[in-house]
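*Asks:* Let's see this in three dimensions:
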Amino acid sequence: MDVKDYTLRDRDGKDVKLSEMFGEKDHLILIHNMGKGCPYCTMWADGFKDTYKEIEKKASFVLVSPDKPEVHKEFAEAHGWNYRSYSANGTDFILTWDMISLRTVSIITGREFPFFIRMRMEILKELQRFFRSGRFLL
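*Replies:* Numbers count the residues shown, from 1 in each chain. Coordinates of the predicted model:
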């Protein structure tokens, strides 16, 4: 499945392309967050404050929110989210990805266009380790 090279905004409102989020890594783990109004998403995102550095040993890690950049910035900073996060507000990114994947976590593989979504087992095994820990349970 082809993935468009969306332009999202960082917390300061600067445009960043999806392809730039890879950095030097070959994989991008993208967390779909439903924004400030979702307490479950907030709890889950809070849990990544401690684990994202381990994940980034294998892949780039980002969170994407539908909130406006200024709302997202204030909320992310209030919660101490110390990893990269972006606003998809004003784009069809959230709608398109909800229709395509209906997943909370997307693993995008490859740095050439078009991108293809593939579930890479070594990265999924790393993620499963964190989810089994109980950190994300109520």
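
*Asks:* so what strands line up beside whichever helix or strand L63 is part of?
*Replies:* Per DSSP states H and E: L63 is located in strand 60-65. When pairs are called by DSSP bridges, strand 60-65 turns out to pair with strand 27-32 (parallel), strand 85-87 (parallel).

*Asks:* Which elements pack onto the helix or strand just after the longest one?
*Replies:* I take that to be strand 27-32. Sequence-wise, the next helix or strand downstream of strand 27-32 (DSSP H and E) is helix 39-55. Using 3 or more Cβ pairs under 8 Å, 6 or more residues apart in numbering; DSSP states H and E, the elements in contact with helix 39-55 are strand 27-32, strand 60-65, helix 121-131. Heads up, the C-betas are built off the backbone N, CA and C, glycines and all.

*Asks:* Can you list the buried residues in helix 39-55?
*Replies:* Using 16 or more other Cβ atoms under 10 Å as the test for burial, helix 39-55 gives C41, T42, W44, A45, G47, F48, T51, Y52, I55.

*Asks:* Please tell me I have it right and the first one contacts G47.
*Replies:* No: the criterion here is Cβ atoms under 8 Å, and C41 misses it with G47 at 10.8 Å.

*Asks:* Wait, Y6 touches V16, no?
*Replies:* No: Y6 is beyond contact range of V16, at 9.4 Å (criterion: Cβ under 8 Å).

*Asks:* what's the burial count for D10?
*Replies:* Neighbours of D10 under the rule other Cβ atoms under 10 Å: 17.

*Asks:* what sits against it?
*Replies:* Taking Cβ atoms under 8 Å, 6 or more residues apart in numbering, we find D10 in contact with V16, P69, R84, S85, Y86, S87.

*Asks:* if we go to 7 Å?
*Replies:* D10 makes contacts with V16, Y86, as judged by Cβ atoms under 7 Å, 6 or more residues apart in numbering.

*Asks:* And I29, how close does it get to V62?
*Replies:* 8 Å (Cβ to Cβ, to the nearest Å).

*Asks:* higher neighbour count, those two?
*Replies:* Ranked by neighbour count (other Cβ under 10 Å), I29 and V62 place I29 first, with 25 against 21.
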